[in-house]
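**Q** starting from these lines, generate the structure:
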Amino acid sequence: MDKIKSSLIAPIRAFKLRYLPLLMVYFAYGASGFSSIAETFWVKEHLNLDASTLVSLGVWLSIPWSIKMVFGQLVDTVRIFNSQRKVYIYIGALLVASGIILMIGLVEDKEWIHFASQKSVYFLSALLMTIGFVLQDVVADAMSTEVVDRKQPQELIEQELAMIQVLGRLALSIAGFIVAGLGGWLAQILEYGTIFKISLIIPLISILGVSFIKLDTPPPSQINCKILCGGIAFAGFIVAIGYSGIAYSQEIVFLISFIVLSLMIKSVISDLDKATQKKILIAAIIIFVYRAMPGVGPAVSWWEIDVLGFDKAFFGTLSQIGSFMAIIGMWFLSDWITKKPIGWTLIMLSVVSAILSLPIIGMYYGLHHFTQQFGLGARDIALIDTAAQSPFSQLSMIPLLTLIAIYAPSGKRATWFALMASMMNLALMASGLLSKYLNEIFVVSREVVHNHVVVSHADYSQLGELMITVLLLNLVVPIVTIWILSYNNKN
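**A** So this is what the prediction gives:
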């Protein structure tokens with residue numbers, strides 16, 4: 001009982017007012033999911049995009065997260081209007097608001113939005129919002145290492161750094177919990193345009209966070225041209241490849257990105273001792289592989305909408321339960337999870353995730369028809385499964401973020417965090433590519449009606465095989481990778 005009580009009050013006791021700006025940035029990012037349910041239904045109803053195309057779009061949108069070192073260098077070295085933190089939060093908020101305004105014009109079919117196709121405007125909107133959130137995230141990451149009292153013993157510094165990462169994940173998850181159900185319920189009764197208009201509140205949250213709290217920021221460091229110039233050239237290369245239309249453009253971008261980021265990280269950690277370098281690299285490889293595992297893609301949501309009859313409000317309920325249970329899991333397990341080896345943590349999470357994927361797969365094969373005789377329908381199973389699975393959703397990031405924060409060098413913290421985060425987000429690009437390949441192998445389509453004419457028919461016949469394949473990959477590959485690296489490390 002004492003341990004439970006201690007875990008419950010630990011995050012509250014640890015909070016300090018100087019943490020508020022970065023926590024409000026994380027909160028704003030967590031609240032960005034407010035319009036996601038409305039967006040999912042609008043895309044399904046109005047954009048003639050198949051599952052593979054949507055997954056591919058997600059891959060391109062992951063690129064700004066993979067070039068965070070450019071933003072990190074700017075935040076570390078370039079003052080704008082004599083500001084090195086606040087101004088970047090303001091710029092990020094402006095980009096997010098611009099993306100939301102484009103979505104408003106798109107869903108309300110405004111005349112001024114017809115400068116490009118619906119697909120192009122949708123992508124531009126998503127890209128602006130993504131870049132805005134990436135920029136704000138870079139600033140928050142830097143602040144997460146700067147708000148720590150460096151005049152205390154190293155052990156206490158590391159504990160405070162770890163707790164700040166926990167508080168950041170909690171802020172993000174609490175925001176997700178607040179808006180998840182609300183977004184779904186409002187999408188059920190309001191117009192899509194109204195939902196996006198309400199979401200304009202989100203960029204204001206991060207602005208408020210930095211406007212009323214004084215920030216103590218270090219003097220700007222000198223520009224590292226290898227990072228900044230190389231990153232800008234790298235970003236230009238990515239854009240050029242994206243617009244070239246050549247075959248395998250995403251694969252080329254991923255490969256070059258991996259090489260460039262690996263070289264940049266190697267240069268940054270070259271000043272650390274060999275043992276520390278090895279520890280960081282092993283942790284990075286393990287978590288890269290873990291985060292690179294594929295997902296099913298939008299096909300599951302389509303099937304749940306068309307076959308199981310899940311509506312906007314129920315998706316909102318599922319999302320809110322998931323967010324709430326993620327908060328509970330992080331709140332009570334974070335103290336325990338930070339004391340466990342990274343490999344052990346991810347093996348546990350891989351096994352738990354695989355087990356908790358079984359109910360949805362089971363429903364595809366008719367589990368809910370069998371359980372109805374016991375009073376459990378499809379919605380009941382989905383609710384129970386979401387409640388069980390969600391507590392583990394955010395835990396995998398805490399050990400890595402703590403490790404990154406501990407070794408963040410003074411004067412280069414935004415760059416360091418951005419480089420390591422870029423590599424982790426590159427893993428998500430790999431995940432998107434794998435998901436795209438699987439969706440091309442196991443083809444799933446939903447019914448699309450345009451001008452009262454059926455453009456494509458629903459076909460979920462291969463969804464079961466797709467979900468099983470994803471489950472096996474997510475279970476086997478991380479565990480084998482962790483075992484091999486752990487074995488080699490011992491020898």
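
**Q** C-terminal to the helix or strand hosting residue 120, what's the next element?
**A** Assessed by DSSP states H and E, residue 120 sits inside helix 118-146. Next in sequence after helix 118-146, counting helices and strands by DSSP H and E, comes helix 154-189.

**Q** residues near the residue nearest to residue 424 when sequence neighbours are not counted, how many?
**A** Nearest residue to residue 424, sequence neighbours excluded (C-beta to C-beta, 6 or more residues apart in numbering): residue 291, at 6.0 Å. Placement of C-beta: from N, CA and C, glycine included. By other C-beta atoms under 10 Å, the residues close to residue 291 number 21.

**Q** measure residue 291 to residue 474 for me?
**A** Per C-beta to C-beta, to the nearest Å, residue 291 is found 11 Å from residue 474.

**Q** same question, residue 368
**A** Going from residue 368 to residue 474 by C-beta to C-beta gives 23 Å.

**Q** and for residue 434?
**A** Taken as C-beta to C-beta, the span from residue 434 to residue 474 is 10 Å.

**Q** overlap of the contact sets of those two?
**A** 293, 294 (C-beta atoms under 8 Å, 6 or more residues apart in numbering).

**Q** quick check: buried residues in the helix holding residue 120?
**A** Residues of helix 118-146 classed as buried by neighbour count (16 or more other C-beta atoms under 10 Å): 118, 121-146.

**Q** ok so, going back, contacting residues around the residue nearest to residue 424?
**A** Residues near residue 291 by C-beta under 8 Å, 6+ apart: 396, 424, 427, 428, 431.

**Q** same check, this time on residue 42
**A** Per C-beta under 8 Å, 6+ apart, neighbours of residue 42: 107, 192.

**Q** and it, what pLDDT?
**A** pLDDT recorded at residue 42 is 78.

**Q** what angle sits between the helix or strand where it lies and helix 118-146?
**A** Using DSSP H and E, residue 42 sits within helix 36-46. On the basis of axes from the mean of the first three to the mean of the last three C-alpha atoms, to 10 degrees, helix 36-46 is oriented at 160 degrees to helix 118-146.

**Q** show me the shaky parts of the stretch 251-400 of the chain.
**A** Applying pLDDT under 70 to the stretch 251-400 of the chain flags residues 268, 312, 316, 319-320, 322-343, 387-400.

**Q** mind listing the helices for it?
**A** 274-291, 299-306, 312-337, 342-364, 367-371, 378-389, 397-406 (DSSP state H, counting those that start in this stretch).

**Q** residues of the fifth one that come out buried?
**A** Within helix 367-371, the residues that qualify as buried are 367, 368, 371, counting by 16+ other C-beta under 10 Å.

**Q** quick check: closest non-adjacent residue to residue 143.
**A** residue 22 (4.2 Å).

**Q** quick one: that neighbour and residue 148 touch, right?
**A** No: judged on C-beta atoms under 8 Å, residue 22 makes no contact with residue 148 at a distance of 11.3 Å.

**Q** mind checking which of those two has more residues around it?
**A** Using other C-beta under 10 Å, the more surrounded residue of residue 22 and residue 148 is residue 22, with 31 against 21.

**Q** show me the contacts for that one.
**A** Contacts of residue 22 (C-beta under 8 Å, 6+ apart): 139, 140, 143, 144, 147, 164, 168, 209.

**Q** these two touch, right, the last one and residue 21?
**A** Yes: at 4.4 Å, residue 209 counts as touching residue 21 under the criterion of C-beta under 8 Å.

**Q** so what sits against both of those two?
**A** residue 89.

**Q** from the buried residues of helix 367-371, which is closest to residue 176?
**A** residue 368 (26.8 Å; C-beta to C-beta).
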